[in-house]
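predicted model follows, preceded by the sequence.
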Amino acid sequence: MTGRDREIDEALSQITGKSAGERLPSAEPWGQLCVRNILLVSTAYDYFLLEEEGRLSELFRKVYGQRELGYVPMTRHVASGERALASLDGGWVDLLVVFNPPGDLGLLDLARRAREKSPRLRIVYLANNTPELARMAASGECDNIDRIFTWHGDGKVFLAIVQAVEDAENYERDSTAFGVRGILLYEPSLSRLSGILPSIYDEIWEHTDALLQGDISHTQKMARVRRRPKVLLADSPDAARKLAERHAGKILCAVLDETEPHNGKTTLRDALEESAKGLPILSLVNSRGPCGPPQANARTADIDSPRLVHDVAAFVREALGPAELNLVAADGRQIARASDVWSLERAIWTAPKDVLERYLRNGTIVSWLVGRTEFELADEFARFSESGKDSEAMRRSVLEAISKHKTQSHVGTIANYSRESYGPFVRFSRLGGGALGGKARGLAFMDKIISAHVTDETFPGVRISIPRTVVLCTGVFEQFVASNRLFELDLASMPDDRIAAAFLEADLPITVLGDLRSFVEDVRTPIGVRSSSLLEDALFQPFAGVYESLMLPNSSNETDNRFQHLCDAVKFVFASTYFEKARSYIQATPSKIGDERMAVVIQEVAGAKHGDAFYPDISGVARSYDYWPFGSCENTDGMANVALGLGKTIVDGGVSFRFCPLHPNVPHYGSVRELMKQSQKVFYGVALGSQVGRTGLDDAATLVNLELEDAERDGVVEELVSTYDPQGDRLYPGTGRDGARVLDFGPMLQGDAFPLARIVGLMLRMGEVSLGCPVEIEFAITLDRTGEKPHEFKFLQVRSMVAKSDLVTVELGDIDKSQTLCQSDSVMGNGIVDGMVDFVYVKPETFEMANSQQVVPCIRKINKTLMNEGRPYILIGPGRWGSTDPWLGIPIIWSDIAGSKTIVETPVDGRVIDPSQGSHFFQNMSSLKLGYFTIKPRFAEDFDWNWLNNLPVVAEEGDVRHARSPVPVQVRIDGRTGRGAILKKAPGFGEAKGGACEG
Amino acid sequence: MAEKGFNAFKMAQDQFDRVAGMLDLDDATRQLLREPQREYHFLIPVKMDDGSFKVFKGFRMQHNDARGPCKGGIRFHPQETVDTVKALSMWMTWKCAVADIPLGGGKGGVICDPHNISMREQEAICRGWVRQVVNNVGPVKDVPAPDVMTNAQHMLWILDEYEAITGGKYPGFITGKPVGMGGSLGRKEATGYGLVFQLREALKDRGIDLKKTKASVQGFGNVAQFSIDLYTRYGGKVVATACWDQKESKAYTFFREKGVDLAELQSITDRFGSIDRDKAKAMGYSILPGDDWLKQEVDILIPAALENQVNTDNVGLVKPSVKIIIEGANGPMTPEADKALNDKGVMVIPDFLSNSGGVVCSYFEQVQSNMNYFWTRDEVLAKLDDKMTKSFHAVLDLSKQKGVSMRDAAYMIAISRVAEACHMRGWV
């Protein structure tokens, strides 16, 4: 277990009382010996023999490199024993191979001293086959040597040595953990062993390669490689017997040398046949030797035959089993063939009862599954076969087992999209070449983490997973732009609608069209088409909400319509790479628009159908670091915003409910009435009947605004609301009484209707541990009220927050109020920002909230000018910047104020509008390390409007003024206390100039 | 048109008889399907440009329309024979059936040499052809298309005459029309792309990563070019393509180990489709004899030029590295060569399956024309991919299930589908 896994496991144990143990992705080579570094001691000539005649490097590349095993053994050559011993310093050598003893040190000395230096070092002696070798072996000169092989001029023996060393070390663990099968080989003749072993490995790899074909993910491929049969070398008949007993049931076949006279004693073959009935055994015999001809019914190969190696290989091939399973009826008629679990499922569906029963009961299917390394499934099949069930019951059971197996085998992996095998069990797949993009990568990563650590038992009755997702990788975008010559457009200055029109007219790459259509054919729920750009996961440039994402109802009965809508949505998201807001945003970062590549996440929307609308019961955004903790909560306890319906409510900064996952009962609202006033009343759902037009590609076309009453009518509020009792002025969780419903998630947070806080807490902790920094997550929950299925917690996104990791102390206590423009104890950010002289502010004396939309174009214009001039500025205005509700603040989008480095929110009519921590706007601010001041009423009177109003005016339009201070100001923020101030004059200022933001 | 001594119709009938035997078809069905249902033979008198009159022989064969209106091209050729047209109409029936589109098989022709007659005279032949069969063709009866030595212009004359006589607008009567005049987007790419969709599936079945494969192509016409285009987009490498040189009346193979660049070769191709050898040499191509495309050490061969190109004489030249041969042209392999390769374990994907992308897209054009509503290119090509992939897998599954070649499996599916339609209609 890695440190990260242990930490996640601890968090899991704390929250759920259960440990994940070792449910880790099976392809990770933890605990396995991988021979990465080989030290070869030989003369230069012998080394030449190995390299040139043996094609050593080529062989390693072929076996390890081409199969992408994650490493290729590297051989370092030294020509003397002393240099070999010196090279062992540092412990980097996994395997020492001595190819004929060096001149300066005898083999005995070299092996002894090497062993003293590195007790766990594996030492192999590769020798020319001479009588001297037999003498050395007999005289004990090879005592410190693990194994001896002989050189026949073929480099494959070297490869076999490495694999045999790995197998010897790894078999025990792999056999116990996964049921990996072994091939038992007892051959005392070093020469024969060195001839046979490479051919056995050739067979194993040929068999394994056949299992690696098809659309399986890299992780699945690695798992299958790890589960390939291993070779167990026995040094003596007794050792062979013990190995067979120890791994009873896990030995695939045995190749035994039986040339020694047995003198009437039980032969090794007899002993093994006794202990492992039915085990395929090949006896290597000497038909002219003292043992005489073999028994009539025994499978044998003659050691003197020139076909010996061929015979052994054929025997192993047979034992490994056929690549295809052929189901044949009693009359010889072919019923079905299966080449993988998918086709096996089809075969089982269609096979007549008698055929199915015969193949299950005689173990053919079980053996075939074992050959395919599907050990768990094979075990289940074996159980069904022995259960005495009738054939139809067996059919049902095995189909159920296959379905479960398919789901499990895809969890946590990224498969290439395949229309043949796509189904509900494939959770994450990719289409096209290139990168996944930030959003998709985060999702794939969390899928892997969740599948490794969270099971259906972690929170009984709740299934935690990601929605089914297909990612169109960045290669598709590149092909699209190139083949349609879209780069010839003036993308740097064209208006958005013209860019969109040009992109919508263009053709998607032919290589993905068929797959996209088959996806749409298969998926009938609403789908989200979301951007996942290359730069989107750069830690300090999150690009949250910068690119377009669309929701498609996907409800037409016509596949053609749904396909066309999907194509248009993909093109629209592609086009948004070059939209105005993306261009502005990227200008404020070190990146360039040309660096950007867009992948597209196509994802089933989490939720359920309610009449003509589709929505989840709960959507949420949670952060593991809370900038404004309430009551006894700490910053690091995190916070969550949850809302009924689609998450758009939260990410747009609408009304949602806030709680701390670690302390869900700590009230975040002053009074019940305040809570009622600020609680969510309306929510979003996908409008299933809506038509998506090519010109109307925006959310408004596909979403529907619903009210709490609608949800109550749909029967989804019981677990989400409390009921207000006016007499007691209090809230009662649930809908058990009459009264106003208040969306406070009381039945979940105060009762036990659903472990919302615990799950969110765990997800945050897992995200934080995995990413190594505070994180923000998005999720959606759909409750099952039929009792037939688990509740679904869908993990939608993870991204890193920029934390207050490098805290700088700023003493505010001593600051003279007369020196400050403003002060606040609700400030986000940290450190000192010097040098800014520009202020853009909404004039409080003339501004009214009713005009909040009218000031947006003025601010946009000033922002553009200042960005072009490279002058960061301080933005001041009433209420919540970026609110979608024009009565709560200026409804501006991020790109329109992207040049500001400090934002100040002043009270509206004496009240403070709470910033929404879940919004994209907020994410952008925190990630770009902006200073973010919320001026509470008690600090409002200290705000020096006079000073501001007397500054020289650079531009003024309507209610917006751009003023410039003759001297640079200083912004000071203490990240630990959340206090900050803007000083009207930076201490010891120089000449006025545009300042650089401290980052 | 026909090789001396070679009777295409007899060959088509022999093929049918063999597969009918494998399917154990009843006698009545065999009788019905081994001949065209209807044959139209007629004369087309045309006033020539010099004032004289000439009478041309025309045909329309409707092999079978049990699954839908007949579909097939109209050929202008001086050596056209009735038997060739009959055979081709039968093959169209099988092609439509294996692609699982609701159309039957037809074919037409006129014995004439377009090289020696003016465009006006050709127009007169087209219009005369329609006048002879107007009552027997139409969007719900028999839908012609361009074929040997006919093109979109001929189709528009035929359509115009048909509409003039019938007094309506019937763009669904003809396919192969230009885009904007009732043609479909994606039509020109359809055959080549359709072929590569099936090649992609074949490679998947063989467990071969397309990105690691190399191919050699015979031909540099429409099918070959679009095959190369899509195959290389998927990541494969075409190392050789053979191209006919009009001036020298012989073919050459253009070979480049690092792979041919389609756009580069197109830029040095003249209007007859011949690649400029000197320029190609300068670009790093080796110019090899015309047959050398077959000798390449590649995984895939795509014969997409002429019939009978792989035969007993040269089948031995095919390298053991070749795992799949996918036929772009009609009948590029003789039955003997086909058998020899199948015996060696090479998967041969037969012409009427692999090059059915063209007729599938013609069907799409007909559907769009009948609706008078035209799809985007994305939609056409996605549907094409869907159709080609499904038809390939149906044949592959049967081939595995019955242990027969892909060609036999394709015939079995096609013939059994048509036979089934005849049975369901109560014809036999």
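Nice, thanks for sending it over. Residues are numbered from 1 along each chain as shown, chains lettered A, B, ... in the order given.

contacts for stretch A:849-860, please.
Stretch A:849-860 is contacted from outside by A:840, A:842, A:847, A:875, A:877-879, A:886-887, A:889-892, A:896-897, A:908, A:957-960, using Cβ atoms under 8 Å, 6 or more residues apart in numbering or on different chains. C-betas here are computed from N, CA, C, even on glycine.

how about stretch A:478-486?
A:432, A:434, A:487, A:502-503, A:506-509, A:511, A:571, A:574, A:597, B:233.

can you select the buried ones from these in PyMOL?
Restricted to buried positions by 16 or more other Cβ atoms under 10 Å in any protein chain shown, the PyMOL selection for these reads:
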select buried, (chain A and resi 432+434+502+503+506+507+508+509+511+571+574+597) or (chain B and resi 233)
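
can you name the residue of the stretch 301-428 of chain B nearest chain A?
residue B:385 (2.7 Å; Cβ to the nearest Cβ).

that residue reaches residue A:512, doesn't it?
No: Residue B:385 lies out of contact with residue A:512 (Cβ atoms under 8 Å); the separation is 9.5 Å.

between those two, which one's more packed in?
More crowded of residue B:385 and residue A:512, by other Cβ atoms under 10 Å in any protein chain shown: residue B:385, with 27 against 24.

now for the more buried one: which residues touch it?
Per Cβ under 8 Å, 6+ apart, neighbours of residue B:385: A:510, A:513, A:514, A:515, A:517, B:193, B:197.

ok so, going back, now the contacts of stretch A:849-860: which count as buried?
Applying 16+ other Cβ under 10 Å to those flags A:840, A:842, A:847, A:875, A:877-879, A:886, A:889-892, A:896-897, A:908, A:959-960 as buried.

what helix or strand is residue A:884 on?
Element membership of residue A:884 [criterion: DSSP states H and E] is none; it lies in no helix or strand.

could you report the pLDDT at it?
Note for residue A:884: predicted pLDDT of 76.

burial count for it?
Residues lying near residue A:884 (other Cβ under 10 Å) number 18.

so it touches residue A:650, yeah?
No: if you go by Cβ under 8 Å, residue A:884 and residue A:650 don't touch, sitting 10.8 Å apart.

coming back round to it: neighbour count, secondary structure and pLDDT added to the contacts of residue B:385, as CSV?
Shown next, in CSV, are the contacts of residue B:385 (neighbours: other Cβ atoms under 10 Å in any protein chain shown; DSSP: H, G, I helix; E, B strand; the rest coil; pLDDT from 0 to 100):
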residue, neighbour count, secondary structure, pLDDT
A:510, 25, helix, 93
A:513, 25, helix, 94
A:514, 22, helix, 93
A:515, 23, helix, 92
A:517, 25, helix, 93
B:193, 26, helix, 97
B:197, 26, helix, 97
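
nearest to residue A:830 among those residues?
Closest approach to residue A:830 among the contacts of residue B:385 (Cβ to Cβ): residue A:515, at 47.1 Å.

the closest one contacts residue A:419, correct?
Yes: the pair residue A:515 and residue A:419 passes the contact test of Cβ under 8 Å, sitting 5.8 Å apart.

flag the shaky bits of chain B, pLDDT-wise.
B:1-5 (pLDDT under 70).

put the alpha carbons of whichever strand or helix holds residue A:710 into PDB.
Using DSSP H and E, residue A:710 falls within helix A:708-713. Listed next in PDB are the C-alpha coordinates belonging to helix A:708-713 (Å, rounded to 0.1, in the frame of the first residue of the first chain):
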ATOM      1  CA  LEU A 708     -40.300  23.700  -4.800                       C
ATOM      2  CA  GLU A 709     -44.000  22.800  -5.100                       C
ATOM      3  CA  ASP A 710     -43.200  21.000  -8.400                       C
ATOM      4  CA  ALA A 711     -40.600  18.900  -6.600                       C
ATOM      5  CA  GLU A 712     -43.100  18.100  -3.800                       C
ATOM      6  CA  ARG A 713     -45.600  17.000  -6.400                       C
END
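
tell me the helix or strand right after it.
Immediately after helix A:708-713, counting by DSSP H and E, sits strand A:722-725.

next one: the residue located most distally from the centre of chain B from chain A, what distance?
Taking Cα atoms, centre = their mean, the residue of chain B most remote from its mean C-alpha position is residue B:51, at 37.6 Å. Per Cβ to the nearest Cβ, to the nearest Å, residue B:51 is found 50 Å from chain A.

and that residue, what does it touch?
Not one residue lies near residue B:51 by Cβ under 8 Å, 6+ apart.

tell me which helix or strand it sits in.
Applying DSSP H and E, one finds residue B:51 in no helix or strand.

tell me the mean pLDDT for the helix or strand where residue A:601 lies?
Assigned by DSSP H and E, residue A:601 belongs to strand A:598-604. Summarised as a single mean, pLDDT over strand A:598-604 is 94.

buried ones in that strand?
So, applying 16+ other Cβ under 10 Å, buried residues of strand A:598-604: A:598, A:599, A:600, A:601, A:602, A:603, A:604.

how far away from the center of its chain is it?
Distance of strand A:598-604 from the chain centroid (Cα atoms, centre = their mean, to the nearest Å) equals 15 Å.

quick one: strands adjacent to the following helix or strand past it?
Counting by DSSP H and E, the next helix or strand C-terminal to strand A:598-604 is strand A:608-610. Counting by DSSP bridges, the strands paired with strand A:608-610 are strand A:613-615 (antiparallel).

what about residue A:845, which SS state?
coil (DSSP: H, G, I helix; E, B strand; the rest coil).

and it, what is it in contact with?
Shown in contact with residue A:845 (Cβ under 8 Å, 6+ apart): no residues.

which one of the contacts of residue B:385 is nearest to residue B:290?
The nearest member of the contacts of residue B:385 to residue B:290, counting by Cβ to Cβ, is residue B:193 at 25.7 Å.

OK, contacts around the nearest residue to the closest one once chain neighbours are set aside?
Using Cβ to Cβ, 6 or more residues apart in numbering or on different chains and skipping residues adjacent in sequence, the residue nearest residue B:193 is residue B:230, 5.0 Å away. Neighbouring residues of residue B:230 by Cβ under 8 Å, 6+ apart: A:510, A:511, B:189, B:192, B:193, B:196, B:197.

with distance to residue A:638 added, can I get these in a markdown table?
Converted to a markdown table, the contacts of residue B:230 look like this (distance: Cβ to Cβ, whole Å):
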| residue | distance to residue A:638 |
| --- | --- |
| A:510 | 47 |
| A:511 | 43 |
| B:189 | 54 |
| B:192 | 57 |
| B:193 | 52 |
| B:196 | 52 |
| B:197 | 50 |
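
state the next helix or strand along the chain beyond the helix or strand hosting residue A:859.
Residue A:859 belongs to helix A:856-869 when assigned by DSSP H and E. Next helix or strand after helix A:856-869 toward the C-terminus (DSSP H and E): strand A:873-878.

tell me the angle of that following strand relative to helix A:856-869?
Counting by axes from the mean of the first three to the mean of the last three Cα atoms, to 10 degrees, strand A:873-878 lies at 170 degrees to helix A:856-869.

with just CA atoms, put strand A:873-878 into PDB.
Backbone C-alpha positions of strand A:873-878 (Å, rounded to 0.1, in the frame of the first residue of the first chain) are rendered in PDB as follows:
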ATOM      1  CA  TYR A 873      -6.800  47.300 -10.900                       C
ATOM      2  CA  ILE A 874      -9.000  47.300  -7.900                       C
ATOM      3  CA  LEU A 875     -12.700  46.600  -8.600                       C
ATOM      4  CA  ILE A 876     -15.200  48.000  -6.100                       C
ATOM      5  CA  GLY A 877     -19.000  47.500  -6.300                       C
ATOM      6  CA  PRO A 878     -22.100  46.600  -4.400                       C
END
